[in-house]
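Chemist: structure for this input, please:
(2 chains)
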2 protein chains.
Amino acid sequence: MNEVISLLKAHRSIRKFTDQPIDEALLADMIRAGQAAATSSFLQGVTVIRVTDQEKRAEMAQLAGGQPYVETAAEFLVFCGDLRRASTCCDWHGATATEGFTEQFIIATVDAALMAQNVVIAAESAGLGICYIGGIRNNPQEVSELLELPRLVTPVFGLCLGWPDQDPDLRPRLPLAVMLKENRYDDSADRDLIEAYDEEVRAYYQNRAKGHDGAVKVMSWSEQMSGMLSREARPHMRSFLEKRGFATK
Amino acid sequence: MNEVISLLKAHRSIRKFTDQPIDEALLADMIRAGQAAATSSFLQGVTVIRVTDQEKRAEMAQLAGGQPYVETAAEFLVFCGDLRRASTCCDWHGATATEGFTEQFIIATVDAALMAQNVVIAAESAGLGICYIGGIRNNPQEVSELLELPRLVTPVFGLCLGWPDQDPDLRPRLPLAVMLKENRYDDSADRDLIEAYDEEVRAYYQNRAKGHDGAVKVMSWSEQMSGMLSREARPHMRSFLEKRGFATK
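Modeler: Below is the predicted model:
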C-alpha cells in the first residue's frame, strides 16, 4: 500500500480546529488541485465561494443547522454547481442555451463533488482536517441569497477546512463485498455481512462514548439507515432547484 | 507543493491502455480507499459493479456511445447511486422507507462521486490511468438491465482503469479567479479572463492536432460550451430516474 492510499484510508471528518489560519498560497494550490479533477465534457461546472466575511460565516453556520465549526474553521468553502458560465458562453456566440435538463444538473453536481474531493485530498495531504457540510441544503434559498448566487448556480455542499484540534477514530466502512459486485447486482449474501458490520459500528460508538457524561448514540448502521430513510429528506429541494433553472425536465 | 498535490495536478484522462492486468489486491485496495471517502449521514449510498464479463463489456462500450476503451481497459467499474440498501434496512427494522426525494438522489450521486474520485487518486498514485465514462447515461435503462440493477439503484458513471499506453498533455483549466470567488458570486470580471483562456485552449488543441492527418477540433472553450449547452442533454434522464424511484418529488 503506497502513501497516497494510506492517506485516503486515514480520512475522518474533523469538527474542531485550532485558531491557526491556512496560508493563502496553500489554499490557492488546493483549489488548483481541485480544478485538475476530471470534468464532464470539459464543462468545469463549478464555482467555489470562499466565505471570509465573519457575519456571513455566522449566518451560514445557522443556515446549515447550527454547526458552529462552519463559523470557526479557518476556511469555509461553498461548492456550487454552475451552469450559468456555460449559458453565458451561449450568449457570446449567438446560441440559445437549453435549460432545465436533469442531466445537466447531474453533470454540475458530479463536477462539484470531484473537484471538492481533490481539494479534500490536497488538504489532508498538507495535514489539514476537513468536514463536508451537506447541511447548507437545509436552506438553499437563504444560502443563495447570502452569497448572491444567480440563477443556474446552486449550492451543493460546504466544506470546513482547518488545522485539526482533535484526533477522532476512523469510522468503520461497510465490508468490501457489500459495496463491490461483479457483473451484476446481487445482494443475496449481504444481510449476514451487514449484521456483522452492525456490531462493529455499535462497538465504534460505544468506544467513542467513553468519557462522555450525557446521552450517547449507540446505534447499529442498519438502525441509523432505517431512521434516516424513513424520514422526509429536505422536501424543498426539488422546487428550489426548479425555481433556479435546474432539473425541470 | 507536496507530492500528493503534484499528483492531483497531473491528472489527464487516459483512453489507451496496455494489455497488462491490474493486480486483484491493488484493485481491492483502491476500492477500500474509495470507501474511506466522506459519506453523507453515513449512508455509503454506492454500489460499484466491476464488469469482467467480456460480452457485457462489449455491450457496455456500445451503450456508452461506442467508446472502445470501455471494452479493452484492464478494469471497467460502474458507480451506482444506491438507496436500495438503506431501504432494505427499513424493512429489517419495521420502518417504512420514504422514496423519491430529490435530496436523496443528490446524496447518493455525491456519495458515488466522492468515492470514485478517491479510487481515481489511488489508481493514479499507483501509476494507473483512468477515464470517467458519463456516456453510460446515454442508455441508463439498458445499462441497468445488463447489470441487473434493481429499483433504487442507478448508474451514475463508469470508470476505465488500466496501465497507460499514451502520454497526453494536460488540458488547461479555467483561471483560478473564474472558479473561486470571495463572499459573493461576482462574474463581472470573468469575460476578459475567459477570452484569454479561450486562446490557451485553442493552442492546446492546435498542439494536440500536430501529426494528425484528418480533421481536428480547434475550438475555444467558450465555443465548446456554447455548443454543448445549446443542445439537448440526455432528455430521457428524468423519466428514467423517476421510474427507478429517484427524484419524483
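Chemist: run the chain-centre distance for the helix or strand A:Thr88 falls within.
Modeler: Using DSSP states H and E, A:Thr88 maps to helix A:84-92. Computed by C-alpha atoms, centre = their mean, to the nearest Å, the chain-centroid distance of helix A:84-92 equals 27 Å.
Chemist: next, count neighbours for A:Met1.
Modeler: 14 (other C-beta atoms under 10 Å in any protein chain shown). Just so you know, the C-beta spots here come from the backbone N, C-alpha and C atoms, and that holds for glycine as well.
Chemist: what residues does the helix holding A:Thr88 touch?
Modeler: For helix A:84-92, contacts defined as C-beta atoms under 8 Å, 6 or more residues apart in numbering or on different chains pick out A:43-45, A:47, A:96-97, A:99, A:150-153, B:178, B:187, B:190-191, B:194, B:221-223, B:225-226, B:228-230.
Chemist: residues near the spatially closest residue to A:Leu161 that is not a sequence neighbour, how many?
Modeler: With C-beta to C-beta, 6 or more residues apart in numbering or on different chains as the criterion, A:Leu161 has its nearest non-adjacent residue at 4.3 Å, and that residue is A:Glu75. Per other C-beta under 10 Å, the neighbour tally for A:Glu75 reads 19.
Chemist: which residues does A:Glu75 contact?
Modeler: With C-beta under 8 Å, 6+ apart, A:Glu75 has these contacts: A:Ile22, A:Leu27, A:Arg50, A:Cys160, A:Leu161, A:Gly162.
Chemist: helix, strand, or coil at the residue lying closest to A:Arg231 once chain neighbours are set aside?
Modeler: Spatial nearest neighbour of A:Arg231, chain neighbours left out: B:Thr98 (6.7 Å); criterion: C-beta to C-beta, 6+ apart. Assigned with DSSP: H, G, I helix; E, B strand; the rest coil, B:Thr98 falls in the coil class.
Chemist: separation between B:Thr98 and B:Asp190?
Modeler: B:Thr98 is 40 Å from B:Asp190, where distance means C-beta to C-beta, to the nearest Å.
Chemist: can you give me the domain assignment for chain A?
Modeler: Following automatic domain parsing, one finds the domains of chain A at A:3-168+A:231-243, A:176-218.
Chemist: most packed of those domains?
Modeler: Ranked by average neighbour count under the criterion mean count of other C-beta atoms under 10 Å in any protein chain shown, the domains of chain A are headed by domain A:3-168+A:231-243 at a mean of 20.
Chemist: okay, how far is it across that domain, tip to tip?
Modeler: 45 Å (C-alpha to C-alpha, to the nearest Å).
Chemist: now stretch A:87-102
Modeler: 15 Å.
Chemist: quick one: mean pLDDT for it?
Modeler: For stretch A:87-102, mean pLDDT is 96.
Chemist: for chain A, what's the longest strand?
Modeler: Ranked by residue count and defined by DSSP state E, the top strand of chain A is strand A:153-162.
Chemist: tell me what that strand is packed against?
Modeler: Strand A:153-162 sits against helix A:68-72, strand A:75-82, helix A:102-125, strand A:129-133, helix A:140-146, helix B:102-125, with contacts defined as 3 or more C-beta pairs under 8 Å, 6 or more residues apart in numbering or on different chains; DSSP states H and E.
Chemist: quick one: that strand to helix B:102-125, angle?
Modeler: In terms of direction (axes from the mean of the first three to the mean of the last three C-alpha atoms, to 10 degrees), strand A:153-162 departs from helix B:102-125 by 60 degrees.
Chemist: chain center to the next helix or strand along the chain from strand A:153-162, what's the gap?
Modeler: Moving toward the C-terminus from strand A:153-162, the next helix or strand (DSSP H and E) is helix A:176-179. How far helix A:176-179 lies from its chain's middle: 22 Å, per C-alpha atoms, centre = their mean.
Chemist: go on, stretch A:224-236?
Modeler: 18 Å.
Chemist: chain B versus the residue located most distally from the centre of chain A, what's the distance?
Modeler: Largest separation from the mean C-alpha position in chain A: A:Gly94, at 35.8 Å (C-alpha atoms, centre = their mean). Look at A:Gly94 and chain B: by C-beta to the nearest C-beta, to the nearest Å, they are 8 Å apart.
Chemist: for that residue, what are its contacts?
Modeler: So A:Gly94 contacts nothing (C-beta under 8 Å, 6+ apart).
Chemist: follow-up on the earlier one: the domains of chain A into CSV, with extra columns for distance to B:Gln206?
Modeler: CSV is the format used below for the domains of chain A (distance: least, C-beta to C-beta, whole Å):
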stretch, distance to B:Gln206
domain A:3-168+A:231-243, 16
domain A:176-218, 42
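Chemist: mean pLDDT lowest for which of those?
Modeler: Minimum mean pLDDT among these: domain A:176-218, a mean of 90.
Chemist: ends of that domain, what's the gap?
Modeler: 23 Å.
Chemist: before we move on, what about stretch A:15-24?
Modeler: 21 Å.
Chemist: so A:Asp190 makes contact with A:Met179?
Modeler: No: the pair A:Asp190 / A:Met179 is not scored as a contact, 9.6 Å apart, by C-beta atoms under 8 Å.
Chemist: circling back to that earlier point, keep only those of the contacts of helix A:84-92 that are in strands.
Modeler: A:Thr47, A:Val153.
Chemist: just to revisit the earlier point, including distance to B:Lys210, could the helices and strands packed on strand A:153-162 go into CSV?
Modeler: Converted to CSV, those look like this (distance: least, C-beta to C-beta, whole Å):
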stretch, distance to B:Lys210
helix A:68-72, 49
strand A:75-82, 33
helix A:102-125, 29
strand A:129-133, 41
helix A:140-146, 45
helix B:102-125, 26
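Chemist: indicate which one of those is closest to A:Thr248.
Modeler: When the helices and strands packed on strand A:153-162 are compared by C-beta to C-beta, helix A:102-125 sits nearest A:Thr248, at 8.3 Å.
Chemist: off-centre distance for that closest one?
Modeler: 8 Å.
Chemist: close to chain B, is it?
Modeler: Yes: for helix A:102-125, a contact with chain B is found by C-beta under 8 Å from any C-beta of the partner chain, at A:102-104, A:106-107, A:109-110, A:113-114, A:116-118, A:120-122, A:125.
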